[in-house]
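K.L.:
using only what follows, build the 3D model:
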Amino acid sequence: MPPRASLIGAAALVCLLLVPIAPAQSNYEGLMAPPEPDWPQWRGPRRDGISEETGLRQSWPAAGPALLWKIDGLGMGWSCPIIVGERLYVTGDVGETLVIFALDHNGKVRWQAKNGSSWKTPYPGARACCAYSEGRLYHLNAHGRLACLEAETGRELWAVDILERFGGRNITWALSECLLVDGSRVIVTPGGNQALMAALDKRTGETVWTTEPLGTDRASHSSPILFRYGGRRLIANCSSAHGFGVDADTGKLLWTVPLTNPHGVNVATPIYGTGCLFFVTPYAERGRLYRLRPDAQSWAAEHAWTSPIDTVTGCGILLNGTLYGSGYREVKSWLAVDWQTGRTKCELKDLTTGAALYADQRLYVLDETGTVALLNPGPNGLEIVSRFRLVDARARDAWAHPVVHDARLYLRYHDTLWCYDVKDRR
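P.N.:
I've put the predicted structure just below:
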């Protein structure tokens, strides 16, 4: 059996991406943000783990920032909340059921709804975050049940079994993809013999387009990103043995790169920047950057460099030409890597593998042991400015990603969600 972190890696790796269809004549290139406000999906507006908030504390007291509230009873899981308007939405496995909770900004439950069965073994717990689009929530459970709910009430509007529809089968540690809502379509990666990837009508769940199967590849735990490059809107994701890219409007498969490891596990969301994609496959090829070569008929992805960053659950942050992320197998420390060359600029050994987001000149890190740290990604390397313990018990599976919104830091460990005040009140 592979190490723990690969087992669920998708804890935080399962949500829906909501993005508008950009005009064909647009000259914009880069990650595409949704039309929705706030923090409506996995890893924020562009799925890059970067918040544009300012006015946040640059350091914390020894015990951590002030706790505003916490809520228990969310069930087992690694998903993090999304936030839109007056509501937070978060999932958990409670008994036999996957439960979606809607909370207000005081941590009070306003409604709860079911999306099929919980995941019992191995590593029981909810994987996926929700995503918000035009008054609706979208969520994929561990068994492949994709549900659309009314965000105001939790009433289910439609649901689809993506494994049954597209000839797929579940994977060892359960489906953990963050689905993509692109304009009027929901994008999912069933990895079946009928489709590698598919677009469903956001309103009805009917199939709009499919991507041809990729050999015997199955789904993995990775979540897609959507970006514009070379005059096209593109979606990148991972299957069990490849990283791949498709045309967002037609589903046509444009390129693949090998991402093979002994367990068929690719967890981390791809990272895009300046015509390049960074994929991670643990236990084998580590982190690899590919340069995209667009063409009218076919595209290529050329391997440029390889890095010790072999993160499983944590993904990474690309900031001003530097990639920040943690290793898992070769090095469990945090690295800063030059995006153009792959050269390791610095290494921080005082934290172990984990997840991060960036806001107002700081990296917010939750490592898998339950340590929360505030890092300064400065010119002299990665500096720990402040840190505290989130959980007293010994933990090795704190895999949910941090969320910062409206000067509040949200941290989740299984049954509990904490909300901290990180506003600079000087």
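
K.L.:
confirm for me that A219 is in contact with A195.
P.N.:
No: at 10.5 Å, A219 does not count as touching A195 under the criterion of CB atoms under 8 Å. Glycine gets a C-beta too; all of them are placed from N, C-alpha and C.

K.L.:
what comes into contact with the helix or strand that contains L88?
P.N.:
Under the criterion of DSSP states H and E, L88 resides in strand 87-94. Contacts to strand 87-94, defined as CB atoms under 8 Å, 6 or more residues apart in numbering, come from residues 73-77, 79-83, 98-105, 110, 115, 118-119, 124-126, 128-130, 132, 137, 139, 151, 410, 412, 415, 417.

K.L.:
and the next element down the chain from that strand?
P.N.:
With DSSP H and E, the next secondary element past strand 87-94 is strand 97-103.

K.L.:
strand partners of that next one, parallel vs antiparallel please.
P.N.:
strand 87-94 (antiparallel), strand 109-117 (antiparallel) (DSSP bridges).

K.L.:
tabulate those strands (a markdown table), appending distance to V337.
P.N.:
Listed next are the strands paired with strand 97-103 as a markdown table, based on distance: least, CB to CB, whole Å:
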| stretch | distance to V337 |
| --- | --- |
| strand 87-94 | 32 |
| strand 109-117 | 38 |
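
K.L.:
out of those strands, which gets nearest to F278?
P.N.:
strand 87-94 (27.4 Å; CB to CB).

K.L.:
what about the closest one, distance to the chain center?
P.N.:
Offset of strand 87-94 from its chain centre (CA atoms, centre = their mean, to the nearest Å): 16 Å.

K.L.:
these two touch, right, L157 and L137?
P.N.:
No: here L157 does not reach L137: they are 9.5 Å apart, not a contact under CB under 8 Å.

K.L.:
for the two, work out which one has more neighbours and name it.
P.N.:
Using other CB atoms under 10 Å, the more surrounded residue of L157 and L137 is L137, with 27 against 13.

K.L.:
the more buried one - that's part of a strand, no?
P.N.:
Yes: using DSSP: H, G, I helix; E, B strand; the rest coil, the assignment for L137 is a strand.

K.L.:
surely it meets C148?
P.N.:
Yes: with contacts defined as CB under 8 Å, L137 counts as touching C148 at a distance of 7.2 Å.

K.L.:
coming back round to it: can you list residues touching both of L157 and L137?
P.N.:
Going by CB under 8 Å, 6+ apart, residues that sit against L157 and also against L137 are 148-150.

K.L.:
dump the C-alpha coordinates for stretch 330-345 into PDB.
P.N.:
This file holds the C-alpha atoms of stretch 330-345, laid out as PDB (Å, rounded to 0.1, in the frame of the first residue of the first chain):
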ATOM      1  CA  GLU A 330      12.400  12.800  -1.800                       C
ATOM      2  CA  VAL A 331      12.200  15.900   0.300                       C
ATOM      3  CA  LYS A 332       9.400  16.800   2.700                       C
ATOM      4  CA  SER A 333      10.500  20.400   3.000                       C
ATOM      5  CA  TRP A 334       9.300  23.500   1.200                       C
ATOM      6  CA  LEU A 335      11.000  24.700  -1.900                       C
ATOM      7  CA  ALA A 336      11.100  27.800  -4.000                       C
ATOM      8  CA  VAL A 337      11.900  26.900  -7.700                       C
ATOM      9  CA  ASP A 338      12.600  29.200 -10.600                       C
ATOM     10  CA  TRP A 339       9.700  28.800 -13.100                       C
ATOM     11  CA  GLN A 340      12.000  29.200 -16.200                       C
ATOM     12  CA  THR A 341      14.900  26.900 -15.200                       C
ATOM     13  CA  GLY A 342      13.700  24.600 -12.500                       C
ATOM     14  CA  ARG A 343      16.600  25.700 -10.300                       C
ATOM     15  CA  THR A 344      15.800  25.400  -6.600                       C
ATOM     16  CA  LYS A 345      16.300  28.900  -5.100                       C
END
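
K.L.:
that'll do, ta.
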